[in-house]
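Novice: Take a look and give me a structure for this.
(2 chains)
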Number of protein chains: 2
Amino acid sequence: MQPPPAFPGDPLEAVDTPALLVDLDAFERNLDRMAAETTARGLRLRPHAKTHKSAEVGKAQIARGAVGLCCQKVSEAEALADGGIGDLLVTNQVAGARKLARLAALARRVRLGVCVDDAGNLAELAKAAVEANAQIDVLVEIDVGAGRCGLRAPEAVVPLAQRIAASSHLRFAGLQAYNGTAQHLRRPEDRQAAIAAAAVITRQALAALAAAGLRCETVGGAGTGTYAYEMAEGLWTELQPGSYCFMDADYAANGAPPAYEQSLTVLATVMSAPEAGFAVCDAGHKACAIDSGLPRLASHPDVALTGASDEHGNIALPAGLTLAVGDRLQLIPGHIDPTVNLHDWYVCHRGGTVEAVWPVTARGAVF
Amino acid sequence: MQPPPAFPGDPLEAVDTPALLVDLDAFERNLDRMAAETTARGLRLRPHAKTHKSAEVGKAQIARGAVGLCCQKVSEAEALADGGIGDLLVTNQVAGARKLARLAALARRVRLGVCVDDAGNLAELAKAAVEANAQIDVLVEIDVGAGRCGLRAPEAVVPLAQRIAASSHLRFAGLQAYNGTAQHLRRPEDRQAAIAAAAVITRQALAALAAAGLRCETVGGAGTGTYAYEMAEGLWTELQPGSYCFMDADYAANGAPPAYEQSLTVLATVMSAPEAGFAVCDAGHKACAIDSGLPRLASHPDVALTGASDEHGNIALPAGLTLAVGDRLQLIPGHIDPTVNLHDWYVCHRGGTVEAVWPVTARGAVF
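Specialist: Sure, this is the predicted structure:
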């Protein structure tokens, strides 16, 4: 683990680069806004920690009414539990005896849920829970349009739910119905249509469960790009947005929801300016993920880096912008989640001064 | 830092996933082959540690005749020095007073070189060296075709070299002449032509230095995709390939140099197989970088993942391949360097058994 790139009290100018910068005012407004739209209206909010991987961010969300956190990996859940989060849902399948044993051990010290979409995997999960004498909440994941994990046929939910309900150490907690692809559709009407289609599938699954006499306590899903549509459908009982705390260039390109501000940037330093109109900064692939495009300049959000390699970010300078060696710039990542995972620390600032340095608690927690 | 995904003596089947797997036999053949082609012929080899970030790999390279290691970042050099590497070249510009102070401090405990392409940056470097009372070797970087860092005009080398030579705590060590772009040109003849063009520029710079009476001890450069061409040119005195130790799908697509074997894979587990002909594994963007394309199946190198998200890798199965939940597969990353940087550990195996677990010493060393 690298030492922190700054310490509380440092001026922003002293922060070593590349570093994750969190604008605390914008970050807190984002958290307040989501709380006002969800928990303040009586809805359950379980923000996704795959975005931030931070116990500090999670505690700030829970302090505003969130019921707990989502995560994607057992090791992520372990790290967040170590950091003081007591209610965690792994919104993913967990395969393999070693990892299932870890999951079951964790369920003895926090409230824990997990997703399944396979009878064989469920049998292994049930065995691990018995061996650890742990109680685990289980959601059946259904595919609501993303074509990734999840049961393809809504009626297939019932047999799996019945097996869960019949397991001594598992509890059938409901459905996981998340459409990740829909978050990144550019037009709001396309996102709305995708969630309407997801609702049709979810209703079919709920009807099948009701016909079988199985109570469905939770319907989980929704992300930053669509949660308003899930809320409007009235089916989802637990909203799981992640990116709203920080935002990124991909969400900005969606044009909505505009209420959330870019609160996180990657601070970089120009290390070479070898010809007019061109500069190279010290943030490349190892500081900023590019799976959703190259990062943009916070000072000129219409300008993206023109290229990146492992440790270099190339910038063809727009008219009116000059950069010299040593100049600093803030980059808006294309995709926040894998970018955060590249760093060990958040440098949190307010009014030009570093106020806090938070570890990325679950950085590298891929297991 | 995550706990290791396996321990020495474990069977391969027990390794937790996703994990970096190193096939030690193939890895050692790669190292032996490069040594036979370079150091055994009297050439200086300084492998690039930006690929492996590992003191263990570096020691294995040095044991076979390498003179030291290259790295890209001061923090990488610090981590490798802590790991026992005593001769390091930062093949990059270092900007900012804080980082230059770290560089100078490091130069008091290992032999250290760095690149410059800017007079202002050089003045700051000279000041940091004086303040630390450290001696630093300095290479002038010239742009030999990649259009990234480096002086654009070969004749601009002389004034910068003179300033270095006139600095009490710096030594003009030569030229850095690396064309990174050339490594990834698909056709061998295009790579050869790119290095021929780089040689023209390098010769111009050498002539200018000679005319000014400046001795150029080192000409550094070359990567895994082109080092044979730099060797043939006879100008380069220090070869700096990195990827040859592990290789990746991008180099495989180049078709050359075929002598080096894919010795590193990302081991993954199928966590969902929700419909015929389709599976989802537990390695996504946070386990395998995609800047050079989606990873390929080691068992079917012509088949790439069909999609990836942060924690998921999607596979449309080719005819004849079936995968069930819990099945394991090895992925060949598109680009090895940023993939290695996502992991804390190498799991090194031979004959189906884990023989060693090495830390990724400089993982996350972006500063």
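Novice: And the residue of the stretch 101-250 of chain A closest to chain B?
Specialist: A:C149 (3.9 Å; C-beta to the nearest C-beta). No exception for glycine: its C-beta is placed from N, CA and C like everyone else's.
Novice: would A:P274 count as being in a helix?
Specialist: No - residue state for A:P274 (DSSP: H, G, I helix; E, B strand; the rest coil) corresponds to strand; a helix is not indicated.
Novice: still on that earlier bit, mind listing what the residue lying closest to the residue of the stretch 101-250 of chain A closest to chain B once chain neighbours are set aside touches?
Specialist: Spatial nearest neighbour of A:C149, chain neighbours left out: B:S272 (3.9 Å); criterion: C-beta to C-beta, 6 or more residues apart in numbering or on different chains. By C-beta atoms under 8 Å, 6 or more residues apart in numbering or on different chains, the contact set of B:S272 is A:93, A:117-118, A:148-150, B:279-280, B:325.
Novice: Turn the residues you listed into TSV, including neighbour count, secondary structure and pLDDT.
Specialist: Output for the contacts of B:S272, formatted as TSV (neighbours: other C-beta atoms under 10 Å in any protein chain shown; DSSP: H, G, I helix; E, B strand; the rest coil; pLDDT from 0 to 100):
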residue	neighbour count	secondary structure	pLDDT
A:Q93	27	coil	98
A:D117	26	coil	98
A:D118	23	coil	98
A:R148	19	coil	97
A:C149	26	coil	98
A:G150	27	coil	98
B:A279	23	strand	98
B:V280	31	strand	98
B:V325	23	coil	97
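Novice: mind listing the strands for the stretch 1-150 of chain A?
Specialist: Taking DSSP state E, counting those that start in this stretch as the criterion, the stretch 1-150 of chain A carries its strands at A:19-23, A:44-45, A:69-71, A:87-90, A:111-116, A:136-141.
Novice: mind checking how far the residue of the stretch 101-250 of chain A closest to chain B is from A:P18?
Specialist: 33 Å (C-beta to C-beta, to the nearest Å).
Novice: what's near enough to touch A:C348?
Specialist: Going by C-beta under 8 Å, 6+ apart, A:C348 touches A:21-22, A:24, A:27, A:354-358.
Novice: ok and the longest helix along chain A relative to strand A:136-141, angle-wise?
Specialist: With secondary structure taken from DSSP state H, chain A has its longest helix at helix A:188-211. Calculated by axes from the mean of the first three to the mean of the last three C-alpha atoms, to 10 degrees, helix A:188-211 forms an angle of 120 degrees with strand A:136-141.
Novice: circling back: quick one: pLDDT of the residue nearest to A:C149?
Specialist: The model reports B:S272 with a pLDDT of 98.
Novice: Could you pick out the residues of the stretch 1-150 of chain A near chain B for me?
Specialist: Counting by C-beta under 8 Å from any C-beta of the partner chain, the stretch 1-150 of chain A comes close to chain B at A:1-2, A:5, A:14, A:16-18, A:50, A:72-73, A:75, A:92-96, A:98-99, A:117-118, A:120-121, A:124, A:143, A:148-150.
Novice: try it again with 6 Å
Specialist: Within the stretch 1-150 of chain A, the positions lying close to chain B (C-beta under 6 Å from any C-beta of the partner chain) are A:1-2, A:16, A:18, A:50, A:72, A:93, A:95-96, A:98, A:117-118, A:120-121, A:148-149.
Novice: Of the residues you listed, which is the nearest to B:P154?
Specialist: When the residues of the stretch 1-150 of chain A next to chain B are compared for distance to B:P154 (C-beta to C-beta), A:P18 wins out at 31.0 Å.
Novice: Run through the stretch 201-350 of chain A and note the low-pLDDT ranges.
Specialist: A:256 (pLDDT under 70).
Novice: Could I get the contacting residues of the most centrally placed residue in chain A?
Specialist: Nearest to the geometric centre of chain A sits A:T51, at 3.0 Å (C-alpha atoms, centre = their mean). If you count contacts by C-beta atoms under 6 Å, 6 or more residues apart in numbering or on different chains, A:T51 has them with A:242-243, A:336-337.
Novice: again, only this time at 7 Å
Specialist: A:242-243, A:245-246, A:336-337, A:340 (C-beta atoms under 7 Å, 6 or more residues apart in numbering or on different chains).
Novice: what's the answer for A:K73, then?
Specialist: A:365-367, B:311 are the contacts of A:K73 under C-beta under 7 Å, 6+ apart.
Novice: and the gap between it and A:L43?
Specialist: Using C-beta to C-beta, we find A:K73 at a distance of 26 Å from A:L43.
Novice: cool, A:I201 as well?
Specialist: On the measure of C-beta to C-beta, A:I201 and A:L43 end up 21 Å apart.
Novice: now do A:K286
Specialist: Counting by C-beta to C-beta - A:K286 and A:L43 are separated by 38 Å.
Novice: the more surrounded of those two?
Specialist: Of the pair A:K286 and A:L43, A:K286 is the one with more neighbours under other C-beta atoms under 10 Å in any protein chain shown, namely 28 against 18.
Novice: wait, doesn't A:A197 sit right on A:G145?
Specialist: Yes - judged on C-beta atoms under 7 Å, A:A197 makes contact with A:G145 at a distance of 5.6 Å.
Novice: Show me which of these two is the more surrounded one.
Specialist: Legend: neighbour count by other C-beta under 10 Å for A:A197 and A:G145, higher for A:G145 (21 against 14).
Novice: most packed of the strands of the stretch 1-150 of chain A?
Specialist: Ranked by mean neighbour count, the strands of the stretch 1-150 of chain A are led by strand A:69-71 with a mean of 28 (mean count of other C-beta atoms under 10 Å in any protein chain shown).
Novice: avg pLDDT for it?
Specialist: In this model, strand A:69-71 carries a mean pLDDT of 98.
Novice: Please enumerate residues in contact with that strand?
Specialist: A:46-50, A:58, A:77, A:80, A:85, A:88-91, A:240.
Novice: ok, 6 Å please
Specialist: With C-beta under 6 Å, 6+ apart, strand A:69-71 has contacts from A:46, A:48-49, A:58, A:77, A:85, A:88-91, A:240.
Novice: and A:R41, how far is that from A:A35?
Specialist: Applying C-beta to C-beta to A:R41 and A:A35 gives a distance of 10 Å.
Novice: Between these two, point out the one with more neighbours.
Specialist: A:A35 (18 against 10).
Novice: Tell me how many other residues surround the nearest residue to that one once chain neighbours are set aside.
Specialist: Of all residues not flanking A:A35 in the chain, A:R64 sits nearest, at 4.0 Å (C-beta to C-beta, 6+ apart). Residues contacting A:R64 under the criterion other C-beta under 10 Å number 19.
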